[in-house]
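>>> with the sequence up front, the predicted model follows.
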Amino acid sequence: MSVIETRLAELGVTLPDAPAPAANYVPFVQTGNLVHVSGQIAANADGMIKGKLGADMDIDAGAAAARACAVSLLAQLKAACGGDIDRLVRVVKLVGFVNSTADFGDQPKVINGASDFMVAALGDKGRHARSAVSAASLPFGVAVEIEGIFEIA
């Protein structure tokens, strides 16, 4: 088991198989030593995590949805690395989209679910630049979607 996957196991996380694209795009693109991972929607073993922050979902549930997106991002990264996720040098940037009402202003607190997970799982390699923005709606009614840029060796 890789160093990163051992740390994930300590956190109670096993990376799933990388989700297949839902439309006409690829799940990731590598250019040089950067891997750009397409947006990963909030999902877990029970299916898609749906909801709208500020209406029917609270910040803690939104942060859990963002964490689920982060797990999917790492699953895609592992696929991009041919199964060797220890090639990760660092998380460069995350861009988080939060399905929220017009008056909801705590998008950063929601996306902290992904950011905190990356640092807990990866240490300093998980520290990254970030954007957290509101969206009037997201595909399938999910609560959160996050895309990422990763540097690999």
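Nice, I can see it. Quick caveat, the model's predicted, so the values are computed rather than measured.

>>> now the farthest one out in the protein, which residue is it?
residue 103 (24.2 Å; CA atoms, centre = their mean).

>>> okay, now residue 7: neighbour count?
Neighbourhood size, residue 7 [other CB atoms under 10 Å]: 15. In this view, the C-beta of every residue, glycine as well, is placed from N, C-alpha and C.

>>> show the backbone phi and psi for it.
The phi and psi torsions at residue 7 (degrees, to the nearest 10) take the values phi -60, psi -40.

>>> got a pLDDT number for it?
Per-residue confidence (pLDDT) for residue 7: 96.

>>> quick check: longest strand in the chain by residues?
For the chain, the longest strand by residue count, based on DSSP state E, is strand 88-99.

>>> from the middle of its chain, how far away would that strand be?
7 Å (CA atoms, centre = their mean, to the nearest Å).

>>> run a quick check on the residue farthest from the centre of the chain versus residue 53, I expect a contact.
No. Here residue 103 does not reach residue 53: they are 10.5 Å apart, not a contact under CB atoms under 8 Å.

>>> most centrally placed residue in this structure?
Short answer for the chain (CA atoms, centre = their mean): residue 70, at 2.5 Å.

>>> doesn't that residue fall inside a helix?
Yes. With DSSP: H, G, I helix; E, B strand; the rest coil as the criterion, residue 70 is located in a helix.

>>> where does the residue lying closest to it once chain neighbours are set aside land in three-state SS?
In space, and not counting its chain neighbours, residue 70 is closest to residue 114: 3.9 Å by CB to CB, 6 or more residues apart in numbering. For residue 114, the secondary-structure state derived from three-state DSSP is helix.

>>> name the strands paired with the lowest-mean-pLDDT helix or strand in the chain and say parallel or antiparallel.
Ranking every helix and strand in the chain by mean pLDDT, DSSP states H and E puts strand 43-44 at the bottom, with a mean of 94. Next to strand 43-44 in the sheet, as set by DSSP bridges, lie strand 47-48 (antiparallel).

>>> for the record, mean pLDDT for the strand it pairs with?
Mean predicted confidence for strand 47-48 is 96.

>>> any idea how far that strand is from the chain center?
14 Å.

>>> from residue 112, how far out is residue 94?
11 Å (CB to CB, to the nearest Å).

>>> equivalent analysis for residue 137, please.
Counting by CB to CB - residue 137 and residue 112 are separated by 22 Å.
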